[in-house]
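In: Pasting a predicted model and its sequence here:
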Amino acid sequence: MPIRKDSKDRYVEVELRRGEEPLWMRCGACGELVFRRRLRENNYICPRCGAYFFLTAQERIAALVDPDTFQDLTLPLESDDPLKFSDRKPYADRLREARESTGLSDAVMVGKGKIGDHEVILAVMDFRFIGGSMGVVVGEQLAHAMDVAVEARVPFVLVVASGGARVQEGVLSLLQMAKTVAARGRLARAGVPYIAVLTYPSTGGVMASIASLADVTLAEQGALIGFAGPRVIQQTTGEKLPPGFQRARYALEHGLVDGVVPREGLREELMQVLDVLAGVPHGG
């Protein structure tokens, strides 16, 4: 999804494919048809208008981690269907389709890698997988990642891209809020730093739990950050919301995040934060 200021336009993948990957992509914000390789080299930012496209978990990892240092530590777990839930389609079908379309077992990847030669444990959420929602497996993967960070005594970095708890798993998904908060407590007691990177979107139960408890919180430029959506809030309160409400800049101005960083600067910003946490001296 390209994001420029308050744009909610969606991009359209043009059906010119080699294998499973589209050769060209059209920006929904300006209509530009962009060669995918050029888009990749530009951090998936439209070269014409600057709008952001969604990144997959794999693309986000490639953009942040030093080359050839990432080791996948994702547990071999898959969600089942404890409630036999069905809305427009059965939950079991949604899971199967999400796995087939993303190549992921669920909505997060976990691994070990280096960012600017600093070893980190990294968890990256993927919005393509049922809106990046947190069910039992996502909660378990995040807790696993934080426990690995405690054991290795290296910083934990979470990249958030989630609509919140996974309603298809009912109260079991809500329990993941408590599970991940407890794991975050273990990080704190061990003195292991936790850095959160909030992207579009960072909302719902994920934002109400693990995403809001970092030692350092960065927001990607254009991120949507909040609990309930603006429309729900406005309908509930009957109040007109201020301009830019729940956007990254608004969150910075109101103390919710420590910095707003353009996508192309995120890796460098993380390197600087990790330098500070490691006590690396800088000239000045």
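Out: Right, received. Where do you want to start? Numbers count the residues shown, from 1 in each chain.

In: In contact with the closest residue to residue 193 other than its chain neighbours, which residues are there?
Out: Closest residue to residue 193 apart from its sequence neighbours, by CB to CB, 6 or more residues apart in numbering: residue 155 at 4.3 Å. (Each C-beta comes from the backbone N, C-alpha and C, glycine too.) Residues near residue 155 by CB atoms under 8 Å, 6 or more residues apart in numbering: 118, 120-121, 149, 192-195, 274, 277.

In: and if we set it to 10 Å?
Out: Residue 155 makes contact with 115, 118-122, 149, 187, 192-195, 215-216, 270, 273-274, 277-278 under the criterion CB atoms under 10 Å, 6 or more residues apart in numbering.

In: Ok, residue 110 next?
Out: Contacts for residue 110 (CB under 10 Å, 6+ apart) come out as 57, 71-75, 121-124, 141-142, 144-146, 148, 158.

In: before we move on, the earlier item: what about burial for the contacts of residue 155, which qualify?
Out: Those of these that meet the buried threshold are 115, 118-122, 149, 187, 192-195, 215-216, 270, 273-274, by 16 or more other CB atoms under 10 Å.

In: Of the residues you listed, which belong to strands?
Out: Members of these lying in strands (criterion: DSSP state E): 115, 118-122, 194-195, 216.

In: Which phi and psi values does residue 199 adopt?
Out: Note on residue 199: its backbone torsions stand at phi -120, psi -170 [degrees, to the nearest 10].

In: now do residue 158
Out: phi -120, psi 120.

In: Next, count neighbours for residue 75.
Out: 13 (other CB atoms under 10 Å).

In: In the protein, where is pLDDT below threshold?
Out: 1-21, 282-284 (pLDDT under 70).

In: Quick one: the strands in it, in order.
Out: Using DSSP E, strands in the chain cover 12-13, 17-18, 21-22, 24-26, 33-35, 71-72, 108-115, 118-125, 156-162, 194-202, 216-220, 259-261.

In: Residue 47 is nearest to which of those strands?
Out: Closest approach to residue 47 among these (CB to CB): strand 33-35, 6.5 Å.

In: what lines up beside that closest one in the sheet?
Out: Next to strand 33-35 in the sheet, as set by DSSP bridges, lie strand 24-26 (antiparallel).

In: measure residue 205 to residue 61 for me?
Out: As judged by CB to CB, to the nearest Å, residue 205 and residue 61 stand 24 Å apart.

In: So between the two, which is more surrounded?
Out: Just comparing residue 205 and residue 61: by other CB under 10 Å the higher neighbour count belongs to residue 205, 22 against 18.

In: State the number of residues packed around residue 88.
Out: Using other CB under 10 Å, the number of residues around residue 88 comes to 6.

In: That one against residue 168, yeah?
Out: No. At 11.5 Å, residue 88 does not count as touching residue 168 under the criterion of CB atoms under 10 Å.

In: what sits in contact with each of the two?
Out: Shared contacts of residue 88 and residue 168, defined by CB under 10 Å, 6+ apart, comprise residue 94.

In: residues contacting the residue nearest to residue 109 when sequence neighbours are not counted?
Out: Of all residues not flanking residue 109 in the chain, residue 57 sits nearest, at 4.3 Å (CB to CB, 6+ apart). Neighbour list for residue 57: 74, 102-104, 107-111, 122-129, 132, 159, 161 [criterion: CB under 10 Å, 6+ apart].

In: Then residue 70?
Out: So residue 70 contacts 58, 61-62, 64, 109, 111-114, 122 (CB under 10 Å, 6+ apart).

In: Could I have the PyMOL command that selects the buried members from these?
Out: Selection of buried members from those for PyMOL, criterion 16+ other CB under 10 Å:
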select buried, resi 58+61+64+109+111+112+113+114+122
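
In: Turn the contacts of residue 70 into CSV, columns for distance to residue 229.
Out: Shown next, in CSV, are the contacts of residue 70 (distance: CB to CB, whole Å):
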residue, distance to residue 229
58, 28
61, 28
62, 30
64, 28
109, 26
111, 31
112, 35
113, 33
114, 37
122, 28
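
In: now, which of the contacts of residue 70 sits nearest residue 44?
Out: Ranked by distance to residue 44 (CB to CB), those are led by residue 62 at 10.6 Å.
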